[in-house]
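> For reference, the sequence and a predicted model appear below.
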There are 2 protein chains.
Amino acid sequence: MTFVLVVDDDPAMRRTLSINLRARDYEVETAGDGRSALQVVDERMPDVVLLDLGLPDLDGIAVLKQLRSFSRVPVIVVSARTESDDKVEALDLGADDFITKPFSLEELLARVRATSRRVGREEPDLVVEVDGLRLDVTDSRATRGDTEIHLTPIEWKLVEVLARRRGRLVRQTELLTAVWGPAYDTQTNYLRVHMASIRRKLEADPSHPVLFVTEPGMGYRFAPG
Amino acid sequence: MTFVLVVDDDPAMRRTLSINLRARDYEVETAGDGRSALQVVDERMPDVVLLDLGLPDLDGIAVLKQLRSFSRVPVIVVSARTESDDKVEALDLGADDFITKPFSLEELLARVRATSRRVGREEPDLVVEVDGLRLDVTDSRATRGDTEIHLTPIEWKLVEVLARRRGRLVRQTELLTAVWGPAYDTQTNYLRVHMASIRRKLEADPSHPVLFVTEPGMGYRFAPG
DNA sequence: CGGGGTCTTGACGCCGTCTTAGCGGCGGTT
DNA sequence: AACCGCCGCTAAGACGGCGTCAAGACCCCG
C-alpha cells in the first residue's frame, strides 16, 4: 500500500485530501507545518509527499530544500501560485511534479499514481572500503584506520554522487547540477578546486589519484579496486 | 548530453522548442506526426519525449500507448486542452508529466530537467564484446583483456553514435553534426583523422579495420562479429 | 564583535587533445 | 594513361582542460 504524506496548513484541505486518498486505499499522514512535515518524512519515510507551498513556519521551498538534504522521497508540490518562476525553482530543487490550485482531484490522484509508479527501488547502504579507507556515504562518515576524516558538505555531495555510480563515468554537468544547480553547469573550475581537496583528504597519494579519476573533457569516475 | 525528441504538428512550435533546447545544450530531434515519432523513438532512443496531443495522423494518446508498448522513455505530454480527464488519461497511460499550452519556456525546461533527473540512468547498458575487446559505452570504458584503453571525448562520441546503430550505416553528415554541430557537416577530414585514432586504439590491425568499416562516399559502420 | 572553517574567484603553467595542412595510395572515369 | 575524388596517415602548432595555489568573501558560532 502506498503511504502518502499530505502537507498543508489548511485543515479543510488536509481533511479533503485524506478522505479521498484513503478512499482509494492510500495510507495517509498529514502535517500542518514544515517542521512536523520534515519530522514525519524522517521518521516514517512516506512513499510520496504532497507539499503545499504556503506554510506558516517555513517557506515551502525551504522545506523542500531541507527535505532533499536527507531524503529522495518523491515530492509533488501543490501551490496556489501559478508563476512559472515558482515552478522552475521547485522543480530544480528536486520536486518531482508541480500542480496548481485549484486542481481536480482526479488529476492529483493521477499525478500521485504517475509519481509513485516509479517508486520501489530502495537503495542499499552505500559503504566503500579500500585499503584502510572507509567511506560510509549514507552516514557521511569517513575513516582511515582509526582516525576520522572530515569532509565538507560540498565534498560529501560530490563523493556521494560519484560513489552511487561507482566505476562509472559521471559527467561534469551532472556533478555541477547535483551540487550547485543547473545554472552552474559550466563552472568546471568549482569541480577542479573541490575534487582537489577531496583527493588531498582521501587519496593515499593525492598527486597520483587512483580512487577519483579524471576523464578529461568528460567528468570524473570513482574507481575503487 | 541529453537527447530530446519534440513531437508537434506545428512547425513553428517545433522550431521554437528546437532552438531553445539546443541553446541549452540539448540534442534535439523533431517529428511532425505520430508515425515518425514512434520511428525516431525506436531508432534513436531519446532520453526525453515532448509529446503534443494534437497530431494529424494518430491521436497523441494512441501514440503514447504504442510507445509504451516497446519503450520506457520518459514522456512529457504537452497539450492545449486543460480538461483534467485528458491529464488523467495521459498520466495513467504512462506519461511522466503533463503541461498545458500556453506554457513558459522556463517551466518546460525545468520539467525536462526534473523528468530526466528522476529517471536517471535507467537505460540498458550498451556493451559490446569482440574477441578480448570490451566497449562499455554507457560507462565510457574500454578494455582489452585487463588493460584499460583511453579514448578522448570526441572518440567516445563517435564510437557511441556508431555503436548505437551497430551494424547499420551512419552517414558522415550525421556523425559530424553529432560531434561538432550542424555547421560542420562537410568537414569530412575531421572524421578521417579521428576515425584513424579510434582504429589505432581499438582495432587489432589498424591498417585493416574490421570493426569500424568505411563506406566510401557515405559514412561508417560499426560491424562487430 | 572576533575567529575558524568553507567556499568562491582569478591567475598561472603544464600537458594532452584537437585542428589544420599536406602527402600518397587507391579506384573509378573519361 | 592521365585525371580526379576520396580516404588514410602524419606531424606541427594552436588550443583548451586540468591541477594548483592563494587571496578574499562569506557564514556560523561562540
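Now that the structure is in, tell me what you want to look at.

> Where does chain A get nearest to DNA strand D, which residue?
Of all residues in chain A, A:T214 sits closest to DNA strand D, at 3.5 Å by C-beta to the nearest atom of the strand. All C-beta spots, glycine's among them, are computed from the backbone N, C-alpha and C.

> domain ranges for chain A?
A:3-116, A:127-222 (automatic domain parsing).

> Could you count how many residues lie near A:T214?
Counted with other C-beta atoms under 10 Å in any protein chain shown, residues neighbouring A:T214 total 14.

> SS state for it?
strand (DSSP: H, G, I helix; E, B strand; the rest coil).

> what does A:A183 give?
Per three-state DSSP, A:A183 ends up helix.

> count of neighbours near A:R68?
A:R68: 14 neighbours (other C-beta under 10 Å).

> hey, where'd the strands end up in chain A?
Remark: strands assigned in chain A by DSSP state E are A:3-7, A:27-31, A:48-52, A:75-79, A:97-100, A:127-130, A:133-136, A:141-144, A:147-149, A:169-171, A:212-215, A:219-222.

> now for those strands, which one comes closest to B:G60?
strand A:97-100 (19.7 Å; C-beta to C-beta).

> right, is the closest one up against chain B?
Yes. Under the criterion of C-beta under 8 Å from any C-beta of the partner chain, chain B is reached by strand A:97-100 at A:D97, A:F98.

> Check the gap between A:V6 and A:R113 for me.
16 Å (C-beta to C-beta, to the nearest Å).

> Which residue of these two possesses the greater neighbour count?
Each of A:V6 and A:R113 has its neighbours counted (other C-beta under 10 Å); A:V6 has more, 26 against 15.

> any idea which of the domains of chain A is most buried?
Sort these by mean neighbour count, taking mean count of other C-beta atoms under 10 Å in any protein chain shown, and domain A:3-116 sits at the top with a mean of 18.

> next one: that domain to chain centre, how far?
On the basis of C-alpha atoms, centre = their mean, to the nearest Å, domain A:3-116 sits 15 Å off its chain's mean C-alpha point.

> Briefly note if the longest helix belonging to chain A comes near chain B.
Assignment by DSSP state H gives helix A:188-202 as the longest helix of chain A. No. Helix A:188-202 lies out of reach of chain B by C-beta under 8 Å from any C-beta, never closer than 13.2 Å.

> quick one: contacts of that helix?
A:133, A:135, A:142, A:149-152, A:154-155, A:158-159, A:172, A:175-176, A:179-180, A:184, A:206, A:209, A:211-212, A:214, A:220 (C-beta atoms under 8 Å, 6 or more residues apart in numbering or on different chains).

> right, and the domains of chain A - which one's nearest B:F98?
domain A:3-116 (7.9 Å).

> quick one: average pLDDT of the closest one?
Mean pLDDT, domain A:3-116: 81.

> need the contact list for the closest residue in space to A:Q39 that isn't next to it in sequence.
Leaving aside its sequence neighbours, A:Q39 sits nearest to A:A31 (C-beta to C-beta, 6 or more residues apart in numbering or on different chains; 7.9 Å). Neighbouring residues of A:A31 by C-beta under 8 Å, 6+ apart: A:L5, A:V6, A:V7, A:A37, A:Q39, A:V40.

> out of everything not next to it in sequence, what's closest to the first one?
Same thing as A:L5. Nearest residue to A:L5 in three dimensions, chain neighbours excluded: A:P46, at 4.0 Å (C-beta to C-beta, 6+ apart).

> Just to check, that neighbour is in contact with A:F3?
Yes. If you go by C-beta atoms under 8 Å, A:P46 and A:F3 touch, sitting 4.8 Å apart.

> residues from chain A in reach of DNA strand C?
Proximity of chain A to DNA strand C (C-beta under 7 Å from any atom of the strand) is limited to residues A:150, A:152-155, A:180, A:187, A:189-190, A:193-194, A:216-217.

> Format those residues as CSV; extra columns: pLDDT.
Compiled in CSV, the residues of chain A next to DNA strand C are given as follows (pLDDT from 0 to 100):
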residue, pLDDT
A:H150, 93
A:T152, 94
A:P153, 92
A:I154, 95
A:E155, 96
A:W180, 87
A:Q187, 92
A:N189, 95
A:Y190, 96
A:V193, 96
A:H194, 97
A:P216, 95
A:G217, 94
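
> Which ones among the residues you listed also lie next to DNA strand D?
Among the residues of chain A next to DNA strand C, DNA strand D is touched by A:N189, A:V193, A:P216, A:G217 when using C-beta under 7 Å from any atom of the strand.

> of all these, which two lie farthest apart?
Greatest spatial distance in those: A:V193 and A:G217, 18.0 Å, computed using C-beta to C-beta.

> For the residue most central in space within chain A, which non-adjacent residue is closest in space?
Centroid-nearest residue in chain A: A:R68, 3.8 Å away (criterion: C-alpha atoms, centre = their mean). Leaving aside its sequence neighbours, A:R68 sits nearest to A:G94 (C-beta to C-beta, 6+ apart; 4.2 Å).
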